[in-house]
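Novice: Make a model of this:
(one chain, ligands or ions: 1)
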Amino acid sequence: MTMGLLVDGQWQDKWYDTDSTGGKFERPTTDFRGWITPDGSPGPDGQEAQEAEADRYHLYVSLACPWAHRVLITRKLKGLEDVISLSVVGYHMGERGWEFSERDGAIPDTVNGKDKLYEVYLEADPNYTGRVTVPVLWDKKRATIVNNESAELIRILNTGFSEFADNTVDLTPPSLLPAIDEINATVYDNVNNGVYKTGFATSQEAYEEAFDELFETLEMLESRLSSQRYLAGSYLPTEADWRLFTTLIRFDAVYHGHFKCNAKQIADYPNLFGYMLELFQWPGIAETVNFDHIKGHYYTSHSTINPTRIVPKGPRQDLTVPHNRDRLVPAEEAA
Ligand SMILES: N[C@@H](CCC(=O)N[C@@H](CS)C(=O)NCC(=O)O)C(=O)O
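Specialist: Have a look, this model is predicted:
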């Protein structure tokens, strides 16, 4: 597969094995882990923070990427679309990494006017060393990247923009935070990242180990969702649900075939499937899901896994059918 990266500000279109390069890429890389708060006071762990302002920040995403998708969903649910502007890279990740495009629902780089995402990273740091990943949150005022870690970006968007956001939506209510963090850890290891560990394994043993952890966790989630509507036991979806959703919605279309996660489809799990349908049908969410980008990206970009680059036509699923989750009365409503 083509996997490029920047080394001291130079684009390299090959991934070097760290064994053969004496661990060259293991030295610390520039990390963008800044925060945004309503008044610029430090973030939750004392991070240096910028002040929330309208029209100051710009989000770069891929519609294919599950990590970027959770940030796009948070931006939508918090009503921040007019506050934080957006670029969408083209779905194909080739020799130059992510590139901007005007075709197929992509949105060009209207802020920095770049052709490739790595040029945006170089604008922030001309000597950048590291992967060039989406999502990226850009600060137009300081002309640099605020943060490129989706787990942090969803928290920044949830709480940092209270002056501009829909504050009736809180994806991490403080009382549920311990439960959310605990679910996130399991879902990240075994599901969100689990599908990648399964699909990118290059030994039978590693593949089978990741596969088993993935399906054990899906069975556990299926069972949990048979008695509660959402993962953290809340009466509205939380961050934990949206983090699981971005993997579930890609599963039958991509991970089941392309990543060989094929013990079952999500459609084979009645509760997980109904739950996924409810979240897909949640106001504003379906428009953040683009199966052409999702399927086009994985099947054409990972040429070691799919050398013909043929994009499968299936599966044929109707995601607009009734989800039947209303039968599970959410806890707080019942009380
Ligand atoms: N930890 C990052 C991971 C993001 C990530 O891996 N994004 C992928 C797309 S799904 C990417 O841009 N990969 C390009 C690369 O690694 O070269 C996050 O969650 O924000």
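
Novice: What values do phi and psi take at residue 84?
Specialist: Main-chain dihedrals, residue 84, degrees, to the nearest 10: phi -120, psi 120.

Novice: From residue 298, how far off is it?
Specialist: Here the criterion is Cβ to Cβ, to the nearest Å. By it, residue 84 lies 27 Å from residue 298. All C-beta atoms are positioned from the backbone trio N, CA, C, and that covers glycine.

Novice: Repeat that for residue 149.
Specialist: 22 Å.

Novice: Also residue 255?
Specialist: Separation of residue 255 from residue 298 (Cβ to Cβ): 8 Å.

Novice: Ok, residue 3 next?
Specialist: Residue 3 sits at a distance of 14 Å from residue 298 (criterion: Cβ to Cβ).

Novice: and those two? which has more neighbours close in?
Specialist: residue 298 (24 against 15; other Cβ atoms under 10 Å).

Novice: What mean pLDDT does the helix or strand encompassing the more buried one get?
Specialist: Here residue 298 sits within helix 291-301, counting by DSSP states H and E. For helix 291-301, the mean pLDDT works out to 98.

Novice: what do you get for stretch 99-118?
Specialist: Stretch 99-118 comes out at a mean pLDDT of 97.

Novice: on contacts alone, who are the packing partners of the top helix by length along the chain?
Specialist: Assignment by DSSP state H gives helix 204-227 as the longest helix of the chain. With contacts taken as 3 or more Cβ pairs under 8 Å, 6 or more residues apart in numbering; DSSP states H and E, helix 204-227 sits against helix 177-187, helix 194-200, helix 270-281.

Novice: about what we covered before: the helix holding residue 298: how far from the chain's middle?
Specialist: 15 Å (Cα atoms, centre = their mean, to the nearest Å).

Novice: mind checking which of the helices and strands packed on helix 204-227 is nearest residue 40?
Specialist: Checking the helices and strands packed on helix 204-227 against residue 40 by Cβ to Cβ gives helix 177-187 as the closest, at 23.3 Å.

Novice: can I have the closest one written out in CSV, keeping just the CAs?
Specialist: Output in CSV follows, covering the C-alpha atoms of helix 177-187 (Å, rounded to 0.1, in the frame of the first residue of the first chain):
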residue,chain,number,x,y,z
LEU,A,177,-17.8,10.3,31.7
PRO,A,178,-16.3,7.4,33.6
ALA,A,179,-18.6,5.0,31.8
ILE,A,180,-18.0,6.6,28.5
ASP,A,181,-14.2,6.5,28.9
GLU,A,182,-14.3,2.8,29.9
ILE,A,183,-16.5,1.9,26.8
ASN,A,184,-14.3,4.0,24.6
ALA,A,185,-11.1,2.1,25.6
THR,A,186,-12.6,-1.3,24.8
VAL,A,187,-14.3,-0.1,21.6
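
Novice: How about residues contacting it?
Specialist: With Cβ atoms under 8 Å, 6 or more residues apart in numbering as the contact definition, helix 177-187 has outside contacts at 151, 172, 217, 221, 231-233, 238-240, 243-244, 247.

Novice: now do stretch 118-130
Specialist: 4-9, 11, 25, 27, 29-32, 60, 96-98, 109, 112, 114, 132, 136, 138, 143-145.

Novice: Quick one: end-to-end distance for it.
Specialist: With Cα to Cα, to the nearest Å as the measure, stretch 118-130 spans 10 Å from end to end.

Novice: buried set for that stretch?
Specialist: The neighbour-count check on stretch 118-130 (16 or more other Cβ atoms under 10 Å) flags 118, 119, 120, 121, 122, 123, 124, 125, 128, 129, 130 as buried.

Novice: chain center to it, what's the gap?
Specialist: Here the centre of stretch 118-130 is set off from its chain's centre by 21 Å, with Cα atoms, centre = their mean.
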